[in-house]
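K.L.:
A structural model of the following input is requested.
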Amino acid sequence: MILNLTQHPATPEQLDAGVVDLQGDQLAELKTLLTFDTLPSRQDIQERAFSIVRLAFANALGADMDDDPIPHRAMIGGAPFLMSALESALLDECIAPMYAFSVRDSVGQTQPDGSVRKVNVFKHVGFVQ
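P.N.:
Here you go, the predicted model:
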């Protein structure tokens, strides 16, 4: 299981890879914790990282313990200044932080008037730990 600790729902490819989204109140809390409307202090960043880990740890308790040296994983992403603190806090609880890796494919879509609109399509390919 890879717990999704980003603001975005997992893509079908990520779901197939074992990503699980938070739901309901936990998802709402996660989105609040990942959103910064004012300049945060170092303490604010640390407190949010620990609060996110509490969400992850509560969900990770029931995860399958396979041959992985760190059996619990979390897909993270968001404000770059939060990620280092979040990585450290997750690792302290034996939850491996993972970053989604995707490739961008530029697709041309012909419009009804004959013009071509370029759209970037991002396809999930794997994770970087």
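
K.L.:
partners of the longest strand anywhere in the chain in the sheet?
P.N.:
In the chain, taking DSSP state E as the definition, the longest strand is strand 95-110. Under the criterion DSSP bridges, strand 95-110 sits next to strand 72-76 (parallel), strand 116-128 (antiparallel) in its sheet.

K.L.:
where in the protein is pLDDT low?
P.N.:
59-71 (pLDDT under 70).

K.L.:
hey, where'd the helices end up in the protein?
P.N.:
If you assign secondary structure with DSSP state H, the helices in the chain sit at 12-16, 24-34, 42-60, 80-92.

K.L.:
can you count the residues close to Phe36?
P.N.:
For Phe36, the neighbour count with other CB atoms under 10 Å is 14. C-betas here are computed from N, CA, C, even on glycine.

K.L.:
list the contacts for it?
P.N.:
Neighbouring residues of Phe36 by CB atoms under 8 Å, 6 or more residues apart in numbering: Ala79, Leu82.

K.L.:
Distance-wise, check it relative to Gln23.
P.N.:
23 Å (CB to CB, to the nearest Å).
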